[in-house]
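[1] No sequence on hand, only this structure:
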Ligand SMILES: C[S@@+](CC[C@H](N)C(=O)[O-])C[C@H]1O[C@@H](n2cnc3c(N)ncnc32)[C@H](O)[C@@H]1O
């Protein structure tokens, strides 16, 4: 989904947005919110215009670059005509591909990384080893701040029984396991012998290998083979995205009341927000995000941690 942003300096942002909504309201869906924000919905694109002090901030999105240009043209032409007397100008940035939407500014990410409890030597070495052994796949590993977040959640919930779907080389498993009490257990599910074999020596060095039961096989089968009893206190889902709805359902029925499901990558790098993406994993994640928000079995919060993390606490 191409996105372009713009600013237009003016003394009268509210007045122009009102005028724009009333003028274009005959041709497109045009809405004015209580805070003065105008949303114009065209057949194949939208433009949101926000009054911000002595400026109007504009965000235009469309299904394709040529339709984005049409949206930009219509809005620019009208605004500049309304503001002709004060020589109002709409200054657009070059469009970016919303599919790779950078949710968090890289400077903020870097700052966050250095302002969480440091990962320590073993996790650091696991990161290095993962990069050496798996190349580009290493990008699947969760980041240090997300690992610290997971450990924090395990401690805050007082969890003893944890489950993870998507182990890779064992970084998140280690973060969960070392936050459990010494008699705690983590059932760690993955399909890859190769990747998970990298994890074991690091779990041993950290003294948590005896807390982790690694189960190799499709996680749906592993989960369905478990008794349908509320045995788990916390779950982390970070595997194949199309199966997230199944993992969510299978885990929820095995979670104790007050237990927590943590779902990673709920933004899919912006693709969850963007109807132009229609692959199975996009549809599954989009539907699941909507479903969880309305699911009265849980209290849910979606967080802008990395690629999006949802916490669903069973009622
Ligand atoms: C994003 S990685 C997990 C990263 C891991 N949480 C970490 O901290 O490094 C996804 C993992 O899901 C596993 N996976 C993919 N499909 C699976 C399935 N059907 N059942 C179980 N695991 C699966 C992959 O083998 C891969 O290791």
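    Cool, got the structure. Remember, it's a predicted structure, so these values are computed and weren't measured experimentally.
[2] interface residues of the stretch 151-300 of the chain facing the ligand?
    165-169, 171-172, 189-192, 195, 218-219, 238-240, 243 (C-beta under 6 Å from any ligand atom). In this view, the C-beta of every residue, glycine as well, is placed from N, C-alpha and C.
[3] Among the residues you listed, which lie within helices?
    Taking DSSP state H as the definition of helices, those contribute 171, 172, 195, 219.
[4] returning to that earlier point: what's the ChimeraX line that selects buried ones from the residues of the stretch 151-300 of the chain next to the ligand?
    Buried members of those, defined by 16 or more other C-beta atoms under 10 Å, are picked up in ChimeraX with:
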select :165,166,167,168,169,171,172,189,190,191,195,219,238,239,240,243
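[5] wait, doesn't residue 166 sit right on residue 239?
    Yes. Counting by C-beta atoms under 8 Å, residue 239 is a contact partner of residue 166 at 3.3 Å.
[6] Let's verify residue 299: helix, strand, or coil?
    With DSSP: H, G, I helix; E, B strand; the rest coil as the basis, residue 299 sits in strand.
[7] what do you get for residue 266?
    Put simply, residue 266 is coil when judged by three-state DSSP.
[8] residues near the closest residue to it other than its chain neighbours, how many?
    In this structure, residue 266 finds its nearest non-sequential neighbour in residue 308, 3.9 Å apart by C-beta to C-beta, 6 or more residues apart in numbering. Counted with other C-beta atoms under 10 Å, the neighbours of residue 308 add up to 22.
[9] ok, residue 308 - contacts?
    103, 264, 265, 266, 267, 268, 272, 302 (C-beta atoms under 8 Å, 6 or more residues apart in numbering).
[10] okay if I get these as JSON lines plus pLDDT, neighbour count and distance to residue 7?
    Listed next are the contacts of residue 308 as JSON lines, based on pLDDT from 0 to 100; neighbours: other C-beta atoms under 10 Å; distance: C-beta to C-beta, whole Å:
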{"residue": "103", "pLDDT": "71", "neighbour count": "15", "distance to residue 7": "21"}
{"residue": "264", "pLDDT": "98", "neighbour count": "24", "distance to residue 7": "34"}
{"residue": "265", "pLDDT": "96", "neighbour count": "23", "distance to residue 7": "32"}
{"residue": "266", "pLDDT": "97", "neighbour count": "21", "distance to residue 7": "30"}
{"residue": "267", "pLDDT": "93", "neighbour count": "23", "distance to residue 7": "25"}
{"residue": "268", "pLDDT": "93", "neighbour count": "22", "distance to residue 7": "29"}
{"residue": "272", "pLDDT": "85", "neighbour count": "25", "distance to residue 7": "27"}
{"residue": "302", "pLDDT": "98", "neighbour count": "16", "distance to residue 7": "28"}
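[11] how about the residues you listed in a markdown table, adding distance to residue 155?
    As requested, these are exported to a markdown table (distance: C-beta to C-beta, whole Å):
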| residue | distance to residue 155 |
| --- | --- |
| 103 | 26 |
| 264 | 19 |
| 265 | 23 |
| 266 | 23 |
| 267 | 26 |
| 268 | 29 |
| 272 | 29 |
| 302 | 22 |
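[12] Please identify which pair of the ones in helices among the residues of the stretch 151-300 of the chain next to the ligand lies farthest apart.
    Greatest spatial distance in those: 171 and 219, 17.5 Å, computed using C-beta to C-beta.
[13] How much space separates residue 163 from residue 250?
    As judged by C-beta to C-beta, to the nearest Å, residue 163 and residue 250 stand 10 Å apart.
[14] should've said residue 33
    For residue 33, the distance to residue 250 equals 40 Å [C-beta to C-beta].
[15] Comparing those two, which shows the higher neighbour count?
    The residue with more neighbours, out of residue 33 and residue 250 and counting by other C-beta under 10 Å, is residue 250; that gives 21 against 12.
[16] Leaving out chain neighbours, which residue sits closest to that one?
    Spatial nearest neighbour of residue 250, excluding adjacent residues (C-beta to C-beta, 6+ apart): residue 223 at 4.0 Å.
[17] host element of that neighbour?
    Element membership of residue 223, judged by DSSP states H and E, is helix 219-224.
[18] State the phi and psi torsions of the residue sitting furthest away from the middle of the chain.
    Residue farthest from the centre of the chain, counting by C-alpha atoms, centre = their mean, is residue 85 at 44.0 Å. Backbone torsions of residue 85, given as degrees, to the nearest 10, read phi -60, psi -40.
[19] List the buried residues in the helix holding residue 223.
    219, 220, 222, 223.
[20] how about the residues you listed in a markdown table, adding pLDDT?
    Formatted as a markdown table, the buried residues of helix 219-224 follow (pLDDT from 0 to 100):
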| residue | pLDDT |
| --- | --- |
| 219 | 98 |
| 220 | 98 |
| 222 | 98 |
| 223 | 98 |
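[21] No further questions, thank you.
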